[in-house]
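**Student:** this one's structure only:
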């Protein structure tokens with residue numbers, strides 16, 4: 001599905017590059033894995049090449065970025081008043097790996113934070129979502145991650 005050098009997004013970590021495809025023996029089973037270099041954290045992740053690649057997808061095309069901006073600036077969607085349920089729902093949205101879902105999580109949490117302080121868990125989730133989105137926007141547009149963060153913040 002992916003080749004060395006492809007730009008991809010890993011749902012809970014953000015944008016990166018396929019650096020290698022290697023066979024590894026783990027728990028007595030030899031499988032093929034993508035070795036991903038995640039751009040923002042100097043992190044490498046192994047993802048199985050076969051079956052469900054657990055949220056691994058190609059980066060979006062540049063024509064999707066205006067839709068992301070629209071989601072960021074659109075009306076908030078209803079969220080549960082209970083922070084724990086809200087956090088769980090937002091985590092599930094992030095796990096989809098869908099860039100528009102990630103943008104929606106950011107929009108909603110930033111707006112909640114303006115009215116009342118987010119819980120520590122939600123603040124961490126918001127920071128993670130912003131980083132995931134900024135890493136992909138940066139790769140797609142060629143801007144730095146800092147510039148991508150500024151773009152995101154300016155649209156909410």
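**Tutor:** Good, I have the coordinates. Only a predicted model underlies this, so the values are computations on that prediction, with no experimental measurement involved.
**Student:** can you give me the strands in this protein?
**Tutor:** In the chain, the segments counted as strands under DSSP state E are 7-10, 14-26, 29-38, 43-48, 56-58.
**Student:** among the ones you listed, which comes closest to residue 146?
**Tutor:** Nearest of the strands of the chain to residue 146, taken as CB to CB: strand 14-26 at 14.3 Å. Quick note: C-beta positions are derived from backbone N, CA and C, even for glycine.
**Student:** what comes up buried for that closest one?
**Tutor:** Along strand 14-26, these residues count as buried under the neighbour rule (16 or more other CB atoms under 10 Å): 14-18.
**Student:** now flag whichever of these is closest to residue 153.
**Tutor:** Set against residue 153, the nearest of these by CB to CB is residue 14 (16.8 Å).
**Student:** bridging residues for the closest one?
**Tutor:** Counting by DSSP bridges, residue 14 is bridged to residue 10.
**Student:** could you pull up the residues touching the residue nearest in space to the middle of the chain?
**Tutor:** Compute the mean C-alpha point of the chain, and by CA atoms, centre = their mean the closest residue is residue 132, 3.4 Å away. Counting by CB atoms under 8 Å, 6 or more residues apart in numbering, residue 132 touches 9, 11-14, 94, 102.
**Student:** which ones are touching residue 44?
**Tutor:** Going by CB under 8 Å, 6+ apart, residue 44 touches 19, 35-38.
**Student:** hmm, try it at 6 Å
**Tutor:** Residues near residue 44 by CB atoms under 6 Å, 6 or more residues apart in numbering: residue 37.
**Student:** would you mind measuring from residue 29 to residue 88?
**Tutor:** Distance, residue 29 to residue 88, using CB to CB, to the nearest Å: 32 Å.
**Student:** which one's more surrounded, those two?
**Tutor:** Neighbours of residue 29 and residue 88, each counted by other CB atoms under 10 Å, are more numerous for residue 88; the result is 13 against 7.
**Student:** separation between that one and residue 50?
**Tutor:** Plainly put, residue 88 is 30 Å away from residue 50 if you go by CB to CB.
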